[in-house]
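Novice: no sequence on this one, just coordinates:
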């Protein structure tokens, strides 16, 4: 069956460090992979989209990699700030263009 | 640009009662989605509309959940009768089309507690 796995344990890092979140998937051949941010009590907000033929995508302090051989995406936030604390969700498009989300990883950036 | 609007934001009902949630997508967005998010989990797609037609409702519990999108704009999601396990956030979202590379814009969600 299709699975999207994100680390369910919270990631705690110090301000200024680089946060790296992982998204692994099985039984998907996604054309696109997306990352969203979700704050408590709010809906998810789109951050980045990366296509299967792209290895890496950057947006300001964010960087996403997409390895279709390893079936993995890494999401990096450089120079982390407390305001980056949130849950980060990866999402894949499977059959019939349905966007399926992982469970998300909570990031906590401390001073 | 106005975002996706949802109401009510919070609702508490007893099991076996009914509840309805309303969504107004971003103007001009043809595709509308209803997702269910249980605490600690990622959003799960319940139903996807393209204009006023259903594209995917494979994960909608049709014995108790129903949704409609009249005139291809606003949508309502109804649960009747509610069960305890329906306690979740119901997220409405919209996008310009059903293409897999489209960005999905979410509303703030409607929080349902079934007691």
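Specialist: Great, that's in hand. As the structure is a prediction and not an experimental result, all values here were calculated from the model.
Novice: wait, residue A:59 sits on residue A:48?
Specialist: Yes: contact criterion CB atoms under 8 Å: residue A:59 and residue A:48 qualify, at 5.6 Å. Heads up, the C-betas are built off the backbone N, CA and C, glycines and all.
Novice: The chain: strands as residue ranges?
Specialist: Since you didn't name a chain, this refers to chain A. Listed in chain order, the strands of chain A (DSSP state E) span A:3-6, A:11-14, A:19-26, A:32-38, A:45-51, A:56-59, A:62-67, A:72-77, A:86-93, A:99-101, A:105-110.
Novice: you looked at the wrong chain, it should be chain B
Specialist: Using DSSP E, strands in chain B cover B:5-7, B:10-13, B:19-24, B:31-37, B:44-50, B:53-56, B:65-68, B:75-79, B:88-95, B:105-106, B:110-114.
Novice: if we can go back for a sec, could I get the strands of chain A as JSON lines with distance to residue B:55?
Specialist: Below are those laid out as JSON lines (distance: least, CB to CB, whole Å):
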{"stretch": "strand A:3-6", "distance to residue B:55": "21"}
{"stretch": "strand A:11-14", "distance to residue B:55": "35"}
{"stretch": "strand A:19-26", "distance to residue B:55": "22"}
{"stretch": "strand A:32-38", "distance to residue B:55": "17"}
{"stretch": "strand A:45-51", "distance to residue B:55": "20"}
{"stretch": "strand A:56-59", "distance to residue B:55": "27"}
{"stretch": "strand A:62-67", "distance to residue B:55": "26"}
{"stretch": "strand A:72-77", "distance to residue B:55": "25"}
{"stretch": "strand A:86-93", "distance to residue B:55": "13"}
{"stretch": "strand A:99-101", "distance to residue B:55": "12"}
{"stretch": "strand A:105-110", "distance to residue B:55": "29"}
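Novice: which stretch among those comes nearest residue B:71?
Specialist: Nearest of those to residue B:71, taken as CB to CB: strand A:99-101 at 24.5 Å.
Novice: hmm, the worst-scoring helix or strand of chain B on mean pLDDT in reach of chain A?
Specialist: The weakest-scoring helix or strand in chain B, judged by mean pLDDT, DSSP states H and E, is strand B:53-56 (a mean of 92). Yes: counting by CB under 8 Å from any CB of the partner chain, chain A has neighbours in strand B:53-56: B:55-56.
Novice: Please identify the buried residues of that strand?
Specialist: The neighbour-count check on strand B:53-56 (16 or more other CB atoms under 10 Å in any protein chain shown) flags B:55-56 as buried.
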